[in-house]
Structure formats: structure tokens, C-alpha cells
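**Q** What follows is a predicted protein model with its sequence.
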Amino acid sequence: MSVGGLFDLTGQTAVVTGARRGIGLAMAVALAEAGADIIGVSANLESEGSIVAQRVTDLGRRFTGIRADFADREAVRGLTDDLIAGGPIDILVNNGGTIARMPAAEHPDDMWDQVIEVNLSTQFMLSREIGKTMIERGSGKIIFTASLLSFQGGINVPGYTASKAGIAGLTKALANEWAPRGINVNAVAPGYIATDNTQALQDDPVRERGIIERIPAGRWGRPDDLAGATVSSPPGPRTT
């Protein structure tokens, strides 16, 4: 197979959570550039005129936007039902997430619970339900957004770090179970990317300088840096 064919996603449908901005926006656009139609999901996605919708449709691909609160488990159940009812999903990008900064000794239970729910529990629920449909067809791809903090730990973000370490483990568990069933499960683990989630670090001159000194490239990452890692080999052909 040629390189062009290997990375051709024409005819595929990709669900991208957290698609409104930052890393999710870049992932959605990268998949659309490769030919996929996009279903974008975000808690605050505009009903019309969103940046992600414009960029995807400018590429000649279809875009469907869905607003969903990942901290609300019933809303997530409704979301999965709607997604599955809409037709086959070839690619699921579990990127939606949140972060809460507070020293561990002061980190309240409600902050912890929300981060774990949004970043880990919801990702598992979406993967489990959509994964069932992929298993039935014998093909599919699931991509998680893990983090450098899955392995490094970080500072003042215990809930976020625990959730992202959990994502790394969940990726491995699902890959072990589902690879023989034709499902490709992997994760992208970004380092320090210049997005709204890291704005507090970018604005802190001491932390910002320390971060830059540890990055070999000498700069913050950009969401577009993740495009190539997102568009890997497409899922196999659907079975009837």
C-alpha cells in the first residue's frame, strides 16, 4: 500500500471530543485533511459558526457538532446512545478533558471527583460503548490524549495526573483486549502545549522559564504538532 493510501481516511467518520479548541481542534482538522468526516463534541461548542466547523467544512468534509457535559454521567450516556444511533463510527478520539490546579494538601474532594469523572470515567464509558460496535464490525480506531504527566507527575495537579496515568493504563488494557478483534487502540502523550489549559504556566515567568529549559526544542509545543501522530494508519475495512 502506498503512503498516500495508508493515511487516506476518505469515507471514515471520526468522533473527536474536546474539539472546540486547542489539541482537539488540531486533531479534528488533521483527520478532516486526511478525508474523514467529523463529529465534534465539546461542553461549550457553539451551535453554529464554530472554528472547528468552519475549518472542517472548508476542507470539503461534513461536520456535526454536539454539546455535552462530560461531568454529567447521564448526559454522557445520552451522548453515546445518540452517537451509536447516528451510524458507524470508525475513529474515536478521546481528547475532552479538564484540569484543576491546587496543591495536593488543599485539593478538595469535589475538584478531584470532577477531574476524574471528566478525564477518565467518561473516556472509559465512551470507549466501552462505541468499542462494542467496532468489535461487531471487526474494525475501528480509538485514540486517547494522555499526557507527559501520565509518567512525570507534575506539580499542583494531583487529580489531573492521576486521571492521565489512568488513561495510559486504560489504553494498554483496551489494546490488549481489542487488538485481536481488529481495533487499534493507542494514545498520544503531549508535553507542554501552548493552550488555554496551560495558560497559567505560560503566564508564570518562573515556571515558564523552567519548562522551556527542559524542552529540547526550546519552545512550547503547538497543537498542530500532534497532527501527524493523530493520523496514523486507518482502521480496516468495515465488515458486513
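**A** Here it is on my side, so go on.
**Q** Return stretch 88-99 as PDB; C-alpha atoms alone will do.
**A** Provided in PDB are the C-alpha atoms of stretch 88-99 (Å, rounded to 0.1, in the frame of the first residue of the first chain):
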ATOM      1  CA  PRO A  88     -20.900   3.500  12.200                       C
ATOM      2  CA  ILE A  89     -18.000   5.300  14.000                       C
ATOM      3  CA  ASP A  90     -14.700   4.400  12.600                       C
ATOM      4  CA  ILE A  91     -12.400   6.600  14.800                       C
ATOM      5  CA  LEU A  92     -13.000   7.800  18.400                       C
ATOM      6  CA  VAL A  93     -10.600  10.400  19.700                       C
ATOM      7  CA  ASN A  94     -10.900  10.700  23.500                       C
ATOM      8  CA  ASN A  95      -9.500  14.200  23.900                       C
ATOM      9  CA  GLY A  96     -12.000  16.000  26.000                       C
ATOM     10  CA  GLY A  97     -10.800  16.900  29.500                       C
ATOM     11  CA  THR A  98     -10.300  19.400  32.300                       C
ATOM     12  CA  ILE A  99      -7.600  20.400  34.700                       C
END
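**Q** Now do the same for the host helix or strand of Val29: mean pLDDT, whole number.
**A** According to DSSP states H and E, Val29 maps onto helix 22-33. Averaging pLDDT along helix 22-33 yields 95.
**Q** so after that helix, what's the next helix or strand?
**A** Counting by DSSP H and E, what follows helix 22-33 is strand 37-42.
**Q** which residues are contacting that following strand?
**A** 12-20, 24, 28, 31-32, 50, 52-53, 56, 61-68, 79, 83, 86, 89, 96 (C-beta atoms under 8 Å, 6 or more residues apart in numbering). Quick note: C-beta positions are derived from backbone N, CA and C, even for glycine.
**Q** follow-up on the earlier one: send over the helix holding Val29 as PDB, restricted to the C-alpha atoms.
**A** Only the C-alpha atoms of helix 22-33 are listed here, as PDB (Å, rounded to 0.1, in the frame of the first residue of the first chain):
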ATOM      1  CA  GLY A  22      -6.500  23.600  21.300                       C
ATOM      2  CA  ILE A  23      -5.400  20.000  20.800                       C
ATOM      3  CA  GLY A  24      -8.900  18.700  19.900                       C
ATOM      4  CA  LEU A  25      -9.300  21.300  17.200                       C
ATOM      5  CA  ALA A  26      -6.000  20.400  15.700                       C
ATOM      6  CA  MET A  27      -6.800  16.700  15.800                       C
ATOM      7  CA  ALA A  28     -10.200  17.200  14.200                       C
ATOM      8  CA  VAL A  29      -8.700  19.300  11.400                       C
ATOM      9  CA  ALA A  30      -5.900  16.700  10.800                       C
ATOM     10  CA  LEU A  31      -8.400  13.900  10.400                       C
ATOM     11  CA  ALA A  32     -10.500  16.000   8.100                       C
ATOM     12  CA  GLU A  33      -7.400  16.800   6.000                       C
END
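**Q** quick one: average pLDDT of stretch 155-175?
**A** Stretch 155-175 comes out at a mean pLDDT of 97.
**Q** for that stretch, which positions count as buried?
**A** Of all the residues in stretch 155-175, those buried under the rule 16 or more other C-beta atoms under 10 Å are 157-168, 170-171, 174.
**Q** centre of the chain versus it, how much separation?
**A** Relative to the centre of its chain, stretch 155-175 is centred 13 Å away, using C-alpha atoms, centre = their mean, to the nearest Å.
**Q** For the remainder of this discussion, apply numbering that starts at 784.
**A** New numbering, starting at 784: the last item is stretch 938-958.
**Q** Extract the CA atoms of that stretch and return them as CSV.
**A** C-alpha atoms of stretch 938-958 as CSV (Å, rounded to 0.1, in the frame of the first residue of the first chain):
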residue,chain,number,x,y,z
ILE,A,938,3.0,19.8,40.4
ASN,A,939,-0.3,21.0,42.0
VAL,A,940,-2.4,18.8,39.7
PRO,A,941,-2.9,15.5,41.6
GLY,A,942,-6.3,14.8,40.1
TYR,A,943,-5.2,15.6,36.5
THR,A,944,-2.0,13.5,36.9
ALA,A,945,-4.0,10.5,38.4
SER,A,946,-6.5,10.7,35.5
LYS,A,947,-3.8,10.9,32.8
ALA,A,948,-1.9,8.0,34.4
GLY,A,949,-5.2,6.1,34.3
ILE,A,950,-5.6,6.9,30.6
ALA,A,951,-2.2,5.4,29.9
GLY,A,952,-3.2,2.2,31.7
LEU,A,953,-6.6,2.1,30.1
THR,A,954,-5.0,2.5,26.7
LYS,A,955,-2.9,-0.6,27.3
ALA,A,956,-5.7,-2.6,28.7
LEU,A,957,-8.0,-2.0,25.8
ALA,A,958,-5.2,-2.5,23.3
